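Participant: one predicted model, sequence on top.
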Amino acid sequence: MQVKKEIDAKGFYCPTPLAIVSKELKEIPVGEKIKVVADDKAFKQDIRMWCLETGNKLISFEEKDGEYIAVIERGKGFHGESLVEKIKFIALGVKLHILQYLLEILPNKKPKYLISFVSIAEGLRADKWLKEKGIQNYVMLPVPDEIYEYCGLVYGFRKKEDALNVYKLLKENKFGVESLHKVEKSNYPVIEVD
């Protein structure tokens, strides 16, 4: 089996291996494969669920000498398995795109910073948790094609400080945040966070 890239995620703990996998898969074409080696016990269950949630394909998985070795094929993104999942997925997409359109015509409300996630499910899980904590200073939007060409979601913020605080809070509480991006005219550079 030919793989495009091999990734060493040993020494990292959940959700970092998934964030690494997500980032690396976005760099290769659909149908190409990566090989990941991790030693976090949570990786075994996490990678299976993550592949289902993101529409990527887990080609093989083995456990050898305390390491977990996965080969993953980049898919075209998650669109739902059951009819109910498909309807919920489409409804969420419509809602997020309408909101994005409204923000385009109200430029003073447009976000300047975006937080991306390893999967749609992880973004939704984090949204529920933040709302339970009373944190609502962001807007959920579809992920821009320049960040990820398939379906996904991001949180948009007007202030950098708010974006950094939420990013760090989610990371500390083991949510699968991927990157913090600055919104520029036609691209979304990643902001390094300590």
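Facilitator: Cool, got the structure.

Participant: so the residue located most distally from the centre of the chain versus residue 162, what's the distance?
Facilitator: The outermost residue of the chain relative to its centre, with distances by C-alpha atoms, centre = their mean, is residue 65 at 29.5 Å. Here residue 65 is placed at a distance of 44 Å from residue 162 (C-beta to C-beta, to the nearest Å). Any C-beta I mention is one placed from the backbone N, CA and C, and that applies to glycine too.

Participant: break the protein down into its structural domains.
Facilitator: Following automatic domain parsing, one gets these domains for the chain: 5-73, 96-191.

Participant: now the helices for this structure?
Facilitator: Applying DSSP state H to the chain gives helices spanning 16-25, 43-54, 83-105, 120-132, 160-172.

Participant: which secondary structure elements does the shortest one sit against?
Facilitator: Right, helix 16-25. strand 5-8, strand 33-38, helix 43-54, strand 177-182 (3 or more C-beta pairs under 8 Å, 6 or more residues apart in numbering; DSSP states H and E).

Participant: and the longest one, what does it pack against?
Facilitator: In other words, helix 43-54. So helix 43-54, by 3+ C-beta pairs under 8 Å, 6+ apart, packs with helix 16-25, strand 57-64, strand 67-73, helix 120-132.

Participant: which of those sits most buried?
Facilitator: For the helices and strands packed on helix 43-54, ranked by mean neighbour count under the definition mean count of other C-beta atoms under 10 Å, the leader is helix 16-25 at a mean of 22.

Participant: ok now it, how far from the chain's centre?
Facilitator: Offset of helix 16-25 from its chain centre (C-alpha atoms, centre = their mean, to the nearest Å): 9 Å.

Participant: picking that back up, mind checking the helices and strands packed on helix 16-25 for the one nearest to residue 89?
Facilitator: Checking those against residue 89 by C-beta to C-beta gives helix 43-54 as the closest, at 11.0 Å.

Participant: buried ones in that closest one?
Facilitator: If you call a residue buried by 16 or more other C-beta atoms under 10 Å, then helix 43-54 has these buried ones: 43, 46-47, 50-51, 53-54.

Participant: and what of stretch 138-152?
Facilitator: So, applying 16+ other C-beta under 10 Å, buried residues of stretch 138-152: 138-144, 147-148, 150-152.

Participant: which two in the residues you listed are spaced the farthest apart?
Facilitator: With C-beta to C-beta as the measure, no two of the buried residues of stretch 138-152 lie farther apart than 138 and 150, at 21.8 Å.

Participant: residue 34 and residue 21 touch, don't they?
Facilitator: Yes. Judged on C-beta atoms under 8 Å, residue 34 makes contact with residue 21 at a distance of 7.2 Å.

Participant: list the residues that contact both of these two?
Facilitator: 7, 72 (C-beta atoms under 8 Å, 6 or more residues apart in numbering).

Participant: picking up where we left off before, least confident pick among the buried residues of stretch 138-152?
Facilitator: The member of the buried residues of stretch 138-152 with the lowest pLDDT is residue 150, at 64.
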